[in-house]
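[1] just the structure for this:
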Amino acid sequence: MDKFSLNELKLAIINNDIGKIIEISSKEPSFSSIKEAQEILSFINKANEILKKEKLKLFNNMQEVKKLQKYYQEAKEDSFNVEG
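    Next up is the predicted model:
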């Protein structure tokens, strides 16, 4: 399995690079000391927070799209129900 380094993870977090974070998530960490492993764990937790925020943002965007679709559909139906 591919591995990622602490620096690679740090850069993804600092740059808020969702794509890179997702790419790293399928790899194993590479570390040479307990201290480095603990630091990686800390950054993994930060990456998890970033992904949770992104997930919530996408969920909210999808809810808005659904509301707009419903509004558009209702408006379309109302335009065909003209009495005269």
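[2] what distance separates the helix or strand where L58 lies from the centre of its chain?
    Taking DSSP states H and E as the definition, L58 sits inside helix 34-80. Distance of helix 34-80 from the chain centroid (Cα atoms, centre = their mean, to the nearest Å) equals 7 Å.
[3] quick check: which ranges of this protein have low pLDDT?
    Applying pLDDT under 70 to the chain flags the ranges 82-84.
[4] still on that earlier bit, by contact count, what packs against the helix holding L58?
    helix 6-14, helix 18-25, strand 28-29 (3 or more Cβ pairs under 8 Å, 6 or more residues apart in numbering; DSSP states H and E). C-beta here means a position set from N, CA and C on the backbone, and glycine is covered the same way.
[5] closest one to Q69 among those?
    When the helices and strands packed on helix 34-80 are ranked by proximity to Q69, the top entry is helix 18-25, at 25.5 Å, counting by Cβ to Cβ.
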